[in-house]
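Enquirer: fold the following.
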Amino acid sequence: MKKIIFSGIQPSGALHLGNYLGAIKQWVALQNEVDEAIYCIVDLHAITVPQTPEVLKNNILSTAAWYIAFGVNPEKSKIFVQSSRPEHTELAWILACNTKTGELFRMTQFKDKSMKNRDAVSAGLLTYPILMAADILLYNATAVPVGEDQKQHVELTRDIAERFNFHYGPTFTVPEPIIQKGTGRIMSLDNPMNKMSKSDKSGIGISDSPDEIKDKLKRAVTDSGNEIKSGPGKPAISNMLNIFSAVSGKSIKELEEQYLGKGYGQFKSELAEAIISFLEPIQKKHKALMADKRGLEEILRKGAMDLKKPASDLLIDVKEKIGLGIT
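Expert: Numbering: from 1, shown residues only. As a prediction, the model looks like this:
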């Protein structure tokens, strides 16, 4: 069986370091290890909450530029915009008719985001995991590199695929989630019990200036005691050690030895410098890519066209199996 991976990120707001360490870092490595790598900019997922059209359009291109700046190679991987392939939404409707509402209401992300007022959130927020399932299943992905917070959605995708296959015969490949160990879930610098997110003001944005990064690290919460060591009871320092390890290439054990007997102030200051050094060349490449928006658009159009046949072929197969239309 061909090894095919599929993953994507929403173009809603600035990407943060957790997006890279939890997802894009895997993508760069995996594109050299599989038969086909497909990386999507999931703009349809972004509109589950209100978006400003001009901002969204720019964010789509900016997200593509970040993919490439971090090392996703358009010559090896297919990069495209979700809404440019209408098969995603058509398959999502079919899958929605084969998904139980109870499964959707059990999704942790929906429960968290609708906690304050369930009646006020969009229906798209509830059905988001079905569209994600369509994204993955449309290309017979065998694996999905995701952050820890998306693992539940991949598990639902597996359930949907297995149910459809049971009722209509072998159709969908049942994918496996791939989660980066150690950095699969980068936590907030303000509250290490919550993950770093785009709405997290303490989150390290990958476009942040050196001064912004230094300020955020200076204000980052620490644990009781003064030992720079990873482990239970040290969630804040464990999180920062994960980040430090990822951007420096040093193991957590090496960092613990390096900062033995040293204070939090020095540790956070040097972590900030390590992040700045890591991001600087990537930020420069992103800026150069954004200066050639037509070039970015061509890469995205090519990715969408390359995926037209496999997406269309699978959708035709699905429709024939359930008795839809005249093909």
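Enquirer: list the contacts of stretch 43-52.
Expert: The contact list for stretch 43-52, computed with Cβ atoms under 8 Å, 6 or more residues apart in numbering, reads 8, 10-12, 56, 59-60, 81-83, 88-89, 122, 124-125, 128, 131-132. From N, CA and C alone the C-beta is placed, and that goes for glycine too.
Enquirer: what helix or strand is His153 on?
Expert: helix 151-168 (DSSP states H and E).
Enquirer: ok, then the element right after that helix?
Expert: Using DSSP H and E, the first helix or strand after helix 151-168 is strand 176-178.
Enquirer: please name every helix or strand in contact with the helix or strand just after that next one.
Expert: Using DSSP H and E, the helix or strand that directly follows strand 176-178 along the chain is helix 210-219. Helices and strands touching helix 210-219, by 3 or more Cβ pairs under 8 Å, 6 or more residues apart in numbering; DSSP states H and E, are helix 264-290.
Enquirer: show me where pLDDT drops low in the chain?
Expert: Residues of the chain meeting the criterion pLDDT under 70: 180-184, 327.
Enquirer: show me it divided up by domain.
Expert: What automatic domain parsing lists as the domains of the chain is 4-184+292-322, 210-288.
Enquirer: hang on, the earlier thing: next, the buried residues of the helix holding His153.
Expert: 151-154, 156-158, 160-161, 163-164, 168 (16 or more other Cβ atoms under 10 Å).
Enquirer: farthest-apart pair in those, please.
Expert: Using Cβ to Cβ, the pair of the buried residues of helix 151-168 lying farthest apart is Lys151 and Tyr168, separated by 26.4 Å.
Enquirer: now do the contacts for Gly263.
Expert: Contact analysis of Gly263 by Cβ under 8 Å, 6+ apart lists Asn226.
Enquirer: quick check: it vs Asn226, distance?
Expert: Distance of Gly263 to Asn226, computed by Cβ to Cβ, to the nearest Å: 6 Å.
Enquirer: ok, now Leu189?
Expert: From Leu189 to Asn226 the distance is 18 Å (Cβ to Cβ).
Enquirer: what about these two, which has more around it?
Expert: Legend: neighbour count by other Cβ atoms under 10 Å for Leu189 and Asn226, higher for Leu189 (24 against 12).
Enquirer: contacts only, for that one.
Expert: 196, 202-204, 216-217, 219-221, 236, 239-240.
Enquirer: just the buried residues from those, in ChimeraX please.
Expert: Burial among the contacts of Leu189 is assessed by 16+ other Cβ under 10 Å; the matching ChimeraX selection reads:
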select :196,202,203,204,216,217,220,236,239,240
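Enquirer: got CSV for the contacts of Leu189, with distance to Lys284 too?
Expert: Listed next are the contacts of Leu189 as CSV, based on distance: Cβ to Cβ, whole Å:
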residue, distance to Lys284
Met196, 23
Ser202, 25
Gly203, 21
Ile204, 17
Lys216, 21
Leu217, 22
Arg219, 27
Ala220, 26
Val221, 31
Ala236, 31
Asn239, 27
Met240, 25
